[in-house]
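>>> sequence and computational prediction follow.
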Amino acid sequence: MTAQTTTAGSLPRTDALLQANAARSFGPDGLTLEGGEEHEALVAAAVADVVARQRAAGVTLVGDGEFGKAMAHAVDYGAWWSYSFQRASGLELTEATPQDQASRKSTPGHLVLTSFADRRDRQAFSRVYADPVDRGGVDTGRIATGFPTTTGPLHYTGHQAVTSDIAHLTAALRPGEQGFLTAISPGSAARVANTFYATDEEHIWAWAEALREEYAAITAAGLVVQIDDPSLAENWDQITPEPTVADYQAFTRIRVEALNHAIAGLPRHLVRLHLCWGSWHGPHTTDIPLADILPVVLEANVGQVSFEAANVRHEHEWSVWRDVALPDDLVLVPGVVSHATPVVEHPDLVAQRIRRFTDVVGSERVIASTDCGLGGRVHPDIAWAKLEALGEGARRAAR
């Protein structure tokens, strides 16, 4: 029997898909991408191919690679996040950042996020991040030239887009095969400038009300929805000075409560929460420990929790799961291959990582995964080699 496996979402796009996305035009708002039947056919074919490649590599719970999502104009923080701006009304593209509005928004402990570029990790290693020639292998990411701002009431408008995502993935699945689609969390979606809602909390809850339509559509199709929320752990590094753990937990609890509202009534076993400490390739010495946020994370009414467990900064924290009281039906989705290194993990190491978690909750409650999405973070050939190592490691773990 082979252990269950999956990915954390993004997978390498083909050159044809990248070129097609780059050639798409934008609506007057600068956020809404316009497509057509030809582009839809290209995406459908690409999804069918990426599902088949996952299956061949040994992935048992497959995704669409996030191929139906593309970056909004001038918003260069990755498709996983900026796609949501194309699926909601009430937004405008401006030069404002969330920090331009943060000072007048009330938050627990009066916590305010700094800009992405000013996070404490970048300050601690400023010489590395500032070096224009040799950053020592550190990937700083690119800074957006525009930023969405919530300027009116938020409403979900992505019905056609999510319907296409569902159709492309389900068409690629074999009878009885399970699949998943990713969606952004309310807390992560709300990390934009806001001039409409009176408080940070109101803004987050408005996103929850809007995004619940996307979550409901995915689960109604019988697919797992992976709700991406790196903000749960990553916000910590964007608060200067470093807050108390208690204040940060209160700050984070608002985001979990909003998420619970958004998924209320959905089949618990079809909802997966993904958390991470940010996918950028950097030192990460200022990350919050898992033990400090896990009590709040476990308040989320989800059936699966996906998290980094291969990242060298957090691999040691596998033991935290052994020391906490877990719901009897919670499935753990630990990352056992990492997006943060081009080194391809040995299958025996993958098997060892998997067994750490099966020893804690049993093999039926572990789905081995990647730490984060691999698309755009390592070379495509390396990404697929890592997925093959994941599949072989799962087979060895089962034996």
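That came through fine. Residues are numbered from 1 along each chain as shown.

>>> which parts of the stretch 51-200 of the chain are helices?
All helices of the stretch 51-200 of the chain, identified by DSSP state H, counting those that start in this stretch, fall at 79-82, 98-102, 120-124, 126-130, 159-172, 186-189, 200-220.

>>> who are the packing partners of the longest one?
Going back to what we said before, that points to helix 200-220. strand 88-94, strand 147-156, helix 159-172, strand 179-184, helix 186-189, strand 224-228, helix 245-263 (3 or more C-beta pairs under 8 Å, 6 or more residues apart in numbering; DSSP states H and E). In this view, the C-beta of every residue, glycine as well, is placed from N, C-alpha and C.

>>> who does the fourth one touch, helix- and strand-wise?
By that I understand strand 179-184. When contacts are defined as 3+ C-beta pairs under 8 Å, 6+ apart, strand 179-184 packs onto strand 62-63, helix 79-82, helix 159-172, helix 200-220, strand 224-228.

>>> tabulate these (CSV), appending mean neighbour count.
Output for the helices and strands packed on strand 179-184, formatted as CSV (neighbours: other C-beta atoms under 10 Å):
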stretch, mean neighbour count
strand 62-63, 26
helix 79-82, 22
helix 159-172, 18
helix 200-220, 22
strand 224-228, 25
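
>>> of all the ones you listed, which one is nearest Glu392?
strand 62-63 (16.9 Å; C-beta to C-beta).

>>> list the strands paired with that closest one, with their directions.
In the sheet containing strand 62-63, its partner strands are strand 179-184 (parallel), by DSSP bridges.

>>> and the partner strand with helix 245-263, angle?
120 degrees (axes from the mean of the first three to the mean of the last three C-alpha atoms, to 10 degrees).

>>> put the alpha carbons of strand 179-184 into CSV.
Coordinates of each C-alpha in strand 179-184 appear next as CSV, following Å, rounded to 0.1, in the frame of the first residue of the first chain:
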residue,chain,number,x,y,z
GLY,A,179,-8.3,16.3,-6.7
PHE,A,180,-7.9,19.7,-5.1
LEU,A,181,-7.9,23.4,-6.0
THR,A,182,-6.3,26.2,-4.1
ALA,A,183,-8.0,29.4,-3.0
ILE,A,184,-6.7,32.4,-1.0
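
>>> chain center to it, what's the gap?
9 Å (C-alpha atoms, centre = their mean, to the nearest Å).

>>> with stretch 217-236 instead?
Worked out by C-alpha atoms, centre = their mean, stretch 217-236 lies 7 Å from the chain centre.

>>> that stretch spans what distance, first to last residue?
Stretch 217-236 has an end-to-end distance of 31 Å (criterion: C-alpha to C-alpha, to the nearest Å).

>>> make 3 the starting number, not 1.
Sure, I'll start numbering at 3, so the last one becomes stretch 219-238.

>>> I'd like the average pLDDT over that stretch.
Throughout stretch 219-238, pLDDT has a mean value of 96.

>>> same check on stretch 349-357?
The average pLDDT for stretch 349-357 rounds to 98.

>>> now do stretch 65-74
pLDDT averaged over stretch 65-74 gives 86.

>>> flag the shaky bits of the stretch 203-352 of the chain, pLDDT-wise.
For the stretch 203-352 of the chain, no stretch has pLDDT under 70.

>>> with the stretch 53-202 of the chain instead?
73-81, 98-111, 134-148.

>>> 80 instead, please
Across the stretch 53-202 of the chain, residues meeting the criterion (pLDDT under 80) sit at 72-83, 96-112, 116-119, 133-149.

>>> which ones are touching the residue nearest the centre of the chain?
In the chain, the C-alpha nearest the mean C-alpha coordinate belongs to Asp230, at 3.4 Å (C-alpha atoms, centre = their mean). Asp230 sits next to 11, 82-83, 184-187, 190, 276 when contact means C-beta atoms under 8 Å, 6 or more residues apart in numbering.

>>> how about TSV for those, with distance to His381 added?
Below are these laid out as TSV (distance: C-beta to C-beta, whole Å):
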residue	distance to His381
Gly11	18
Trp82	19
Trp83	22
Thr184	22
Ala185	27
Ile186	26
Ser187	29
Ser190	27
His276	23
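
>>> neighbour-wise, which of those leads?
Ser187 (29 neighbours; other C-beta atoms under 10 Å).

>>> ok, now how distant is that residue from Cys278?
Ser187 sits 12 Å away from Cys278, taking C-beta to C-beta, to the nearest Å as the criterion.

>>> ok, now Ala248?
On the measure of C-beta to C-beta, Ala248 and Cys278 end up 23 Å apart.

>>> pick out whichever of those two has more residues nearby.
Shown here are Ala248 and Cys278; by other C-beta under 10 Å, Cys278 has more neighbours (23 against 11).
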